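Enquirer: Have a look at this prediction, sequence included:
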Amino acid sequence: MRHRKKNNFPAKYVLLFMSIFCIIIIVCSVKLSISGTAANTVMGYVIVPMQKGVNLVGSGLTDLKDNMTTRKALMAENEELTAQLEDAQEQLNQIQIDKDELEQLRELYDMDNSYSQYDKLAASVIGKDSGNWFSTFIIDKGKKDGVGVGMNIIADGALAGVVIDVGPNYATVRSIIDDNSNISCRNLSTGEIMVVSGSLQSMNTSSRIIFSDLRDSEDAAGIGDEIVTSDISDLYLPGIPVGYITDITADSNKLTKSGELTTIANFSHLEKVFVILETKSSLTDSDSDDVVEDDTAAVIQDESDGDGAGEE
């Protein structure tokens, strides 16, 4: 069987031939200026379409180059604007942080003025128990700062809890919403005593804690009454705000009332607190010492008066 010979004529020669042919036609079109001739007619049918195609391709390439240049410029401008936006956002975040810190300092200053009769220490909350609420939490001040067990903790201008454990540079606080918290309180409007108890279950359902054993024979207590710590509380200093009555009902015994309180301190978000560097027991002991000193002074004075009378 005979095999057909393959056409091995290189394509580059065909391209070279066509290029030379196009150059000759272009040169002829430039040199020949006599219109109406057959050559001009032929070149009009051949060259003009080719020139239009070349011009079209050239225009397309020019437009593509311009578009690429414009795109690069836009991309560079976009990157610059993005960097400026990131810098502006960072500055805005820093301003917001500074604003929050300033607001916290103002709140601490207000609390400091509200409890000017007590020695206080500012502290930061550095840890909490699991869960949504700050039922127990840790502060960054401890024994070396003068913090001791039984000291009251103030947040948002109100009672937050009491120190139950102290380390060298930290302290653990049980908040008033904890299930183990029970506080003797007083209705600021009526003066009646009640017991305020922590309840995580109530906090989870209504964001409130509960109170009980409120004696209100004249039905004077009502929603919105402010509740503060009482003088007979064992752990808590007197007169510290706790919350406001938001629900009140009569008990079945017809003698007492129960209900719920909305706390003043925000136990879903605690950052800065005050530690009152005195305990209820220390104040009680101090008052007792003052009474003893007064009695001793009175005895000494009586003895002095008696001696003087005898001498006369």
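Expert: Arrived safely, thanks for sending.
Enquirer: Quick one, grab the pLDDT at E293.
Expert: E293 is assigned 41 on the pLDDT scale.
Enquirer: which stretches of the stretch 201-312 of the chain have low pLDDT?
Expert: Applying pLDDT under 70 to the stretch 201-312 of the chain flags residues 284-312.
Enquirer: Give the buried residues for stretch 186-204.
Expert: Under the neighbour-count criterion of 16 or more other CB atoms under 10 Å, stretch 186-204 has 186-187, 190, 192-200, 202-203 buried. Bear in mind the C-beta positions are built from the backbone N, C-alpha and C, glycine included.
Enquirer: try stretch 227-242
Expert: For stretch 227-242, the neighbour count (16+ other CB under 10 Å) marks 227-230, 233, 235-237, 240-242 as buried.
Enquirer: Tell me which other helices or strands the host helix or strand of V273 touches.
Expert: Following DSSP states H and E, one finds V273 within strand 272-276. Applying 3 or more CB pairs under 8 Å, 6 or more residues apart in numbering; DSSP states H and E, one finds that strand 272-276 contacts helix 38-114, strand 120-128, strand 152-155.
Enquirer: With only the CA atoms kept, save that strand in CSV.
Expert: Extracted in CSV, the C-alpha atoms of strand 272-276 (Å, rounded to 0.1, in the frame of the first residue of the first chain):
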residue,chain,number,x,y,z
LYS,A,272,-15.2,47.5,87.7
VAL,A,273,-16.2,47.2,91.3
PHE,A,274,-15.4,48.8,94.7
VAL,A,275,-14.4,46.9,97.8
ILE,A,276,-15.4,48.6,101.0
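Enquirer: what sits up against that strand?
Expert: Residues outside strand 272-276 that contact it (CB atoms under 8 Å, 6 or more residues apart in numbering) are 104, 107-108, 111-112, 115, 118-125, 139, 141, 147, 151-155, 160, 163, 171, 173, 237.
Enquirer: so which of the buried residues of stretch 186-204 comes closest to A220?
Expert: Distance to A220 across these (CB to CB) is lowest for T190, with 4.6 Å.
Enquirer: quick check, that closest one in a strand?
Expert: No. Counting by DSSP: H, G, I helix; E, B strand; the rest coil, one finds T190 to be coil, located in no strand.
Enquirer: Let the chain start at 5 from now.
Expert: New numbering, starting at 5: the last item is T194.
Enquirer: helix, strand or coil for the closest residue to it other than its chain neighbours?
Expert: Once flanking residues are discounted, T194 sits nearest to A224: 4.6 Å by CB to CB, 6 or more residues apart in numbering. Look at A224: counting by three-state DSSP, its state is coil.
Enquirer: contacting residues around A224?
Expert: Going by CB under 8 Å, 6+ apart, A224 touches 193-194, 196.
Enquirer: any chance of those residues in TSV, plus distance to S216 and pLDDT?
Expert: As requested, those are exported to TSV (distance: CB to CB, whole Å; pLDDT from 0 to 100):
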residue	distance to S216	pLDDT
S193	18	91
T194	16	92
E196	12	94
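Enquirer: Including distance to F25, could those go into a markdown table?
Expert: Below are the contacts of A224 laid out as a markdown table (distance: CB to CB, whole Å):
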| residue | distance to F25 |
| --- | --- |
| S193 | 110 |
| T194 | 114 |
| E196 | 115 |
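Enquirer: I180 against A164, yeah?
Expert: Yes. I180 is in contact with A164 according to CB atoms under 8 Å; the separation is 6.7 Å.
Enquirer: intersection of neighbour lists for these two?
Expert: By CB under 8 Å, 6+ apart, I180 and A164 have these common neighbours: A269.
Enquirer: Can you check the pLDDT for D102?
Expert: On the pLDDT scale, D102 is placed at 59.
Enquirer: Might you list the low-confidence residue ranges for the stretch 5-154 of the chain?
Expert: For the stretch 5-154 of the chain, the stretches with pLDDT under 70 are 5-16, 18-19, 29, 31-65, 69, 100-118, 120.
Enquirer: give me that answer again for 90
Expert: Residues of the stretch 5-154 of the chain meeting the criterion pLDDT under 90: 5-124, 133-136.
Enquirer: so G154 sits right up against V170, yeah?
Expert: No. Counting by CB under 8 Å, V170 is not a contact partner of G154; they are 9.8 Å apart.
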